[in-house]
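A.B. asks: Pasting the sequence and the predicted model now:
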Amino acid sequence: MANIINGKEISAAIRAEIKEATERLVAESGVRPGLAVIIVGEDPASQVYVRNKKRACDEVGFYSESYELPESTTQDELNALVDRLNKDEKIHGILCQLPLPKHLDENEVIMRIDPRKDVDAFHPENVGKIMIGDYSFLPCTPAGVMALLERSGIDVCGKECVVVGRSNIVGKPQAMLLLHANGTVTICHSRTKNLAEVCRRADILVAAIGKADFFTGDMIKEGAVVIDVGMNRRADGKLTGDVDFESVAPKASYITPVPGGVGPMTITMLMQNTLTAAKNAIKC
Ligand code: NDP
């Protein structure tokens, strides 16, 4: 039976380190990291994420502001808010909760956030830096996966890594981070032929497709490390991953559960990026 990678515990340990580093930063420079979160409209899931982000800021000692804008907000109004936050010295990180209502252009907002405050790492400048391996911010979920591997003592160097999913938020940056860690990386997607066969080659499998319990025991190599990024709601409301835990766990050497695996790491990495942004602002 696989070792369970406990994302809650690892996340709590990293948050404690961020809190300590924040106290030191405030004592030495008087600068307290500040995060602004913007949400437009009333999507209940987004509202929960925003509340959790505010709570995480309080936990690590950050200053935070949240802007809950009505569904009727225009692009000009949203742009004006981003412009103001870009100039605000108390704010080191700006996050606009996606998805936005249909009449607003997500790309325009991403492009408008000052790359130095782009703690989601979605701006093309930061995406490009990730590609060349010279970065300040890492996209939160893939960075969370790397932290889980590192803190579980799993060395990526030379391993066959298979990432299933090629989104800009998860799959592509995940593959790049595994490559920077010297993994031999394959990226799979919905057009991949013989997916099960490719997955069976993986020493480290990262599942990020958004399909409940898709990856079953027969798709896993004996002793593989299985990281489940998926977050899916079952008909009964229960949260489940992309990996069928029951059939995969007996074959894997390590596995992340859902919930309690990758999920808790994402906001923690957002805190890490905001701390980095504040430190960078002092250096400027
Ligand atoms: P997207 O829908 O943007 O991308 C899904 C990817 O999976 C696509 O590249 C798609 O391929 C691929 N895919 C879909 N079906 C299959 C299939 N049957 N076989 C192989 N590949 C397939 O999703 P995200 O990347 O945003 O998210 C993926 C999952 O991770 C979701 O469950 C999401 O909720 C979760 N998530 C969890 C986070 C966390 O904090 N734990 C944070 C972000 C996301 P193609 O490109 O060909 O269409």
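C.D. replies: Yes, it's here.

A.B. asks: the helices in this structure, which residues?
C.D. replies: All helices of the chain, identified by DSSP state H, fall at 7-29, 44-60, 75-87, 106-112, 124-132, 140-151, 171-180, 195-199, 245-248, 263-283.

A.B. asks: Just the buried positions in stretch 85-99, please.
C.D. replies: Within stretch 85-99, the residues that qualify as buried are Leu85, Ile91, His92, Gly93, Ile94, Leu95, Cys96, Gln97, Leu98, counting by 16 or more other Cβ atoms under 10 Å. C-beta here means a position set from N, CA and C on the backbone, and glycine is covered the same way.

A.B. asks: wait, what's in contact with the fourth one?
C.D. replies: Meaning Gly93. Pro33, Gly34, Leu35, Ala36, Lys117, Asp118, Val119, Leu270, Asn273, Thr274, Ala277, Ala278 (Cβ atoms under 8 Å, 6 or more residues apart in numbering).

A.B. asks: Can you tell me the closest non-neighbouring residue to the first one?
C.D. replies: Yep, that's Pro33 we're talking about. Of all residues beyond its chain neighbours, the one nearest Pro33 is Ala278 (3.7 Å), with distances taken as Cβ to Cβ, 6 or more residues apart in numbering.

A.B. asks: What is the neighbour count of Thr268?
C.D. replies: Other residues near Thr268 come to 25 when the count uses other Cβ atoms under 10 Å.

A.B. asks: Highest neighbour count among the contacts of Gly93?
C.D. replies: Neighbour counts for these (other Cβ under 10 Å) peak at Thr274, which has 31 neighbours.

A.B. asks: Please name the bridge partners of the residue nearest to that one when sequence neighbours are not counted.
C.D. replies: Once flanking residues are discounted, Thr274 sits nearest to Gly93: 3.9 Å by Cβ to Cβ, 6+ apart. When assigned by DSSP bridges, Gly93 has beta-bridge partners Leu35.

A.B. asks: and Ile39, what pLDDT?
C.D. replies: We have a pLDDT of 96 for Ile39.

A.B. asks: which ones are touching Ala121?
C.D. replies: Contacts of Ala121 by Cβ under 8 Å, 6+ apart are Val127, Ile130, Tyr135, Phe137, Leu138, Pro139, Cys140, Pro173, Asn273.

A.B. asks: Tell me how far the residue nearest the centre of the chain lies from Ala249.
C.D. replies: Most central in the chain under Cα atoms, centre = their mean is Thr141, positioned 1.9 Å from the mean C-alpha point. Going from Thr141 to Ala249 by Cβ to Cβ, to the nearest Å gives 22 Å.

A.B. asks: Many thanks, I have nothing further to ask.
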